[in-house]
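Participant: model this:
(one chain, ligands or ions: 1)
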Amino acid sequence: MKKKFRFNTKTIHGGQAPDPAYGAVMPPIYQTTTYAQTTPGGHQGFEYSRTHNPTRQALEKALASIENGKHGLAFGSGLAAIDAVLKLLKPGDEVISTNDLYGGSYRLFTNIFEGFGIKFHFVGMDNVQRVENSINTNTRLVWVETPTNPMMNVIDIKAVAQITQKHNLILAVDNTFASPYLQQPLDFGADIVMHSATKYIGGHSDVVLGALIVNDADLAKRLSFIQNASGAICGPMDSFLTLRGIKTLHVRMQRHSENGRAVAEYLNQHPKIEKVYWPGFENHPNHKVAKAQMKDFGGMLSFAPKGADFNAAIKIIENLKVFTLAESLGGVESLAGHPASMTHASIPKVEREKSGVVDSLIRLSVGIEDAQDLIDDLEQAIG
Ligand code: P1T
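Facilitator: Numbering: from 1, shown residues only. Sure thing, here's the model as predicted:
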């Protein structure tokens, strides 16, 4: 199924023909490692499940469809997907990355790939000129996360793509916070879209899975080689759960966005709150870009209480009853996190504070409960 169908239809049908064996409407969980061959090489396209599996293949087609891409690849986690992208590089190559990004991505870049001779430049991409200024003859890849985790900075994908195309660089966009419902980076000129499908795409906090989507056939071939050769694939059950999540992505995202707005607006007028980071506010530094490249603003936001330190922020989080204190995001249930000690703890304090991840910052993943119950919960917790 190609672009002629709209997004909501694609979430239900994209790449998902009834199963050829018995016409099952949902792709069955092909829980098998291997496939019978009549003679060596005599098989029906499936040989060994690290290379291909029918359930994973159905998911990969669905992922490609909802991101307006030609090729989808599924991995055992978001980080495994990022790892595969970085394996396109070789020692001496350089990467320009957003300076405010998921702590685990930063850890993978600096603690693993720097050791293999790849150099990373972390720059604030709210001003895209900084990207062009950081390019040198060794630059190969630009890594964008937008909106960023957890500061909710928004990066102009189209403007960065103009630069990467001019300099013949690969542009990869981590689209986890937005989900393909809100933004489709390939349409803005990105070469690779990456997802922690653990989040909005899966949507139910029951599966850890990563995805890459590309248009270019050669890039797809190279990534698919890495996927098989390195072997960080996802299993059939996780592929199935993610496929099931995709079916309701559009309805969930609509409600996440409505609730996100209600919670952001509530916190923004609260006398005890210093600052709310949410791209839907007109005074958000890149609100215009967010409005142009996103359909809505989603369910993620961060906030800093007035004059609060580490202990005061923790106290608010511990007081919450509907929001659960937990890592992760993008599930139907509301979660609250403390980036400085949780998701971003692996970033040195000086570095993380430079990008705004101070000890008092609280991150919310606003779920799809009744918005008023979420607001009442925050009201009693902030006091
Ligand atoms: O957890 P995993 O599926 O491996 O995905 C990693 C990842 C990549 N990119 C972004 C933007 C992410 O937010 C994540 C994972 N993030 C969390 C677990 C978190 O609580 O922020």
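
Participant: pull up the gap between the residue in the stretch 151-300 of the chain that the ligand sits nearest to and G202, please.
Facilitator: Residue of the stretch 151-300 of the chain nearest the ligand, by Cβ to the nearest ligand atom: S196 (3.0 Å). Every C-beta, even on glycine, is put in place using the N, C-alpha and C of the backbone. Distance from S196 to G202, counting by Cβ to Cβ, to the nearest Å: 9 Å.

Participant: more neighbours, these two?
Facilitator: More crowded of S196 and G202, by other Cβ atoms under 10 Å: S196, with 30 against 24.

Participant: how about the more buried one: what's its closest non-neighbour residue?
Facilitator: Spatial nearest neighbour of S196, excluding adjacent residues (Cβ to Cβ, 6 or more residues apart in numbering): G78 at 2.8 Å.

Participant: residue numbers of the chain in contact with the ligand?
Facilitator: With Cβ under 6 Å from any ligand atom as the criterion, the chain meets the ligand at residues 77-79, 102, 104-105, 145, 149, 174, 176-177, 196, 198, 208, 210, 327-329, 343.

Participant: still on that earlier bit, what touches both of S196 and G202?
Facilitator: Common neighbours of S196 and G202 are listed as L209 (criterion: Cβ atoms under 8 Å, 6 or more residues apart in numbering).

Participant: doesn't V142 lie inside a helix?
Facilitator: No. In this structure, V142 is strand, not part of a helix, as judged by DSSP: H, G, I helix; E, B strand; the rest coil.

Participant: surely it meets I170?
Facilitator: Yes. Proximity of V142 to I170 meets the contact threshold set by Cβ atoms under 8 Å, at 7.2 Å.

Participant: between the two, which contacts overlap?
Facilitator: By Cβ under 8 Å, 6+ apart, the residues touching both V142 and I170 are T164.

Participant: so between these two, which is more surrounded?
Facilitator: V142 (27 against 20).

Participant: quick check on the residues of the chain next to the ligand: which are buried?
Facilitator: Neighbour counting by 16 or more other Cβ atoms under 10 Å classes 77-79, 102, 104-105, 145, 149, 174, 176-177, 196, 198, 208, 210, 328-329, 343 among the residues of the chain next to the ligand as buried.

Participant: mind checking which of these are in helices?
Facilitator: Per DSSP state H, helices hold the following members of those: 78-79, 104-105.

Participant: save the residues you listed as CSV, and put in pLDDT too.
Facilitator: Output for those, formatted as CSV (pLDDT from 0 to 100):
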residue, pLDDT
G78, 98
L79, 98
G104, 95
S105, 97
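
Participant: among the residues you listed, which one lies nearest to the ligand?
Facilitator: Closest to the ligand out of these is G78 (2.3 Å), distances taken as Cβ to the nearest ligand atom.

Participant: return the helix or strand in the chain with minimum mean pLDDT.
Facilitator: Here the helix or strand of the chain ranked lowest by mean pLDDT, DSSP states H and E is helix 349-354, holding a mean of 89.

Participant: all helices of the stretch 201-350 of the chain, in order?
Facilitator: Along the stretch 201-350 of the chain, the segments classed as helices by DSSP state H, counting those that start in this stretch run 217-230, 236-247, 249-268, 287-293, 310-319, 349-354.

Participant: ok, and which of those helices has the densest surroundings?
Facilitator: Looking across the helices of the stretch 201-350 of the chain with neighbours counted as mean count of other Cβ atoms under 10 Å, the highest average goes to helix 236-247: a mean of 22.

Participant: that one: how far from the chain's middle?
Facilitator: Distance, stretch centre to chain centre, for helix 236-247: 16 Å (Cα atoms, centre = their mean, to the nearest Å).

Participant: pretty sure the residue of the stretch 151-300 of the chain closest to the ligand contacts G203?
Facilitator: No. Between S196 and G203 there is no contact under Cβ under 8 Å: 11.9 Å.

Participant: any weak-confidence spans in the protein?
Facilitator: 1-3 (pLDDT under 70).

Participant: tell me where it has strands.
Facilitator: Secondary structure of the chain (DSSP state E): strands at 71-75, 94-98, 119-123, 139-145, 170-174, 192-196, 210-214, 273-277, 300-305, 324-325, 335-337, 362-365.
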